[in-house]
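J.: sequence unknown, structure follows:
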C-alpha cells in the first residue's frame, strides 16, 4: 500500500519528494531528506534526483536481493527556488 500524506504547507517547508517504493527500499525518509538538503542550494531538483538514482540503483539486483532494482522514480519539487544558488543565473 502506498503511503499517502495530506498536509498543509507551512512557512519553512523546503521541498516535496514523491518517490515510488524502490526509492524507499533504499533510503529512509530521513536519509532522503538529508540527501536533498545537502545538495539543494547548488543543484537543481532534477540534478539531485538523477544523482540520487545513480547512487542507489543497484549494479546487480541479484547480488542485492532486488534492493535497488525495483521501480525507481523520484520527483523533487523545490518550494523555495528563488532562494537557491542554482537559480542565480536565471533571475
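T.: Okay, I see it. All values derive from a computational prediction rather than experimental measurement.

J.: how about the strands in this structure?
T.: With DSSP state E as the criterion, the chain has strands at 15-19, 74-78.

J.: packing partners for the last one?
T.: In terms of contact count using 3 or more C-beta pairs under 8 Å, 6 or more residues apart in numbering; DSSP states H and E, strand 74-78 is assigned the packing partners strand 15-19, helix 45-56. Where C-beta positions appear, they are placed from N, C-alpha and C, glycine not excepted.

J.: ok, now which ones touch residue 5?
T.: Residues counted as contacts of residue 5 (C-beta atoms under 8 Å, 6 or more residues apart in numbering): none.

J.: picking up where we left off before, of the helices and strands packed on strand 74-78, which is nearest residue 85?
T.: The minimum distance between residue 85 and those falls on helix 45-56, with 12.4 Å, by C-beta to C-beta.

J.: would you mind listing the buried residues in the closest one?
T.: By neighbour count on 16 or more other C-beta atoms under 10 Å, the buried set for helix 45-56 is 45, 48, 49, 52, 53, 56.

J.: what average pLDDT does stretch 13-22 get?
T.: On average, the pLDDT along stretch 13-22 is 93.

J.: between the two ends of that stretch, how far is it?
T.: For stretch 13-22, the first-to-last residue distance is 25 Å (C-alpha to C-alpha, to the nearest Å).

J.: enumerate the positions of that stretch that are buried.
T.: Buried residues in stretch 13-22, counting neighbours by 16+ other C-beta under 10 Å, are found at 15, 17, 19, 22.

J.: just checking, the second one touches residue 32?
T.: Yes. Contact criterion C-beta atoms under 8 Å: residue 17 and residue 32 qualify, at 5.9 Å.
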